[in-house]
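>>> I would like to see how this sequence folds:
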Amino acid sequence: MGGMTSASAPARFTVGFDLDMTLIDSRPGIKAAYQALSSETGTFIDADRAISRLGPPLDEELAYWFPQAEIPAMADRFREIYPTHAIAPTPAMPGAREAIEAVRELGGRAIVVTAKYEPNARLHLEHLGIRPDAVVGWLWAEAKAEALREYGAQVYVGDHVGDVRGARSAGALSVAVPTGPCPEPQLREAGADVVLPDLTALPEWLAAYVRTQEG
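Alright, predicted model coming up:
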């Protein structure tokens, strides 16, 4: 992304963001990609059901539709056809751009940590004009803590209980938005420290949080 910052840069206030259903509404694009894979392979995939379970790694969803031995090849093919079918139909979530800019306006650094294949994650962000300081892909749930710790993230924002687990594993504050498959009670039960209605509420919350940290 433009303005990429290395993890070894001097410590700055850092906020991490999940991608699917946090910054982008990836349901239309992922549905189109599953439909294309289904058509190409002749294997039935209930794309509507698949996009109701967004969050976990691709292989977990493909396991519902393909034999175990075929999953690696199907995952590779899905990622290959993904840019053709999934980028253009995918919009930003309300408040996504403003959330990234709010971090910058407070002198911080915004990073994206996602389970998605990193090149495709970058394509989404570039297409939508969302420019975080760093993008790290292929990390799910507790594994997200690797990147969050590397970049010194104090806050991680996500929509899934896996994101809550990742934040807590990294010792970061878990800020959740119920804009994906997990409703607010489930996010709170998983240990979210803060639940906002959506990203439009983040700038005001973040400014108040930074003031308390500085005070």
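>>> confidence score at residue 124?
For residue 124, the pLDDT comes out at 98.
>>> and if you look at residue 12?
For residue 12, pLDDT reads 77.
>>> which residues does it contact?
Contacts for residue 12 (CB atoms under 8 Å, 6 or more residues apart in numbering) come out as 107-109, 152. C-beta here means a position set from N, CA and C on the backbone, and glycine is covered the same way.
>>> Run through the neighbouring helices and strands of the helix or strand where residue 78 lies.
Using DSSP states H and E, residue 78 maps to helix 71-86. Counting contacts by 3 or more CB pairs under 8 Å, 6 or more residues apart in numbering; DSSP states H and E, helix 71-86 is packed against helix 27-41, helix 58-62, helix 118-128.
>>> Tell me which residues are up against the first one.
To tie it back to what came earlier, the one meant is helix 27-41. 20-21, 43-45, 47-48, 50-51, 54, 65, 74, 77-78, 81-82, 84-91, 124.
>>> Okay, domains of this protein per the record?
Domains of the chain are assigned by automatic domain parsing as 14-25+91-214, 27-86.
>>> so which of those domains is the most packed in?
Comparing those by mean neighbour count (mean count of other CB atoms under 10 Å), domain 14-25+91-214 ranks first with a mean of 20.
>>> now the end-to-end length of that domain.
14 Å (CA to CA, to the nearest Å).
>>> Numbering from 251 from now on, please.
Understood, numbering begins at 251; the last thing we discussed is domain 264-275+341-464.
>>> gap between it and the chain center?
The chain centroid and the centroid of domain 264-275+341-464 are separated by 7 Å under CA atoms, centre = their mean, to the nearest Å.
>>> would you list every one of the strands in the chain?
In the chain, the segments counted as strands under DSSP state E are 264-267, 359-363, 384-386, 405-408, 423-426, 444-445.
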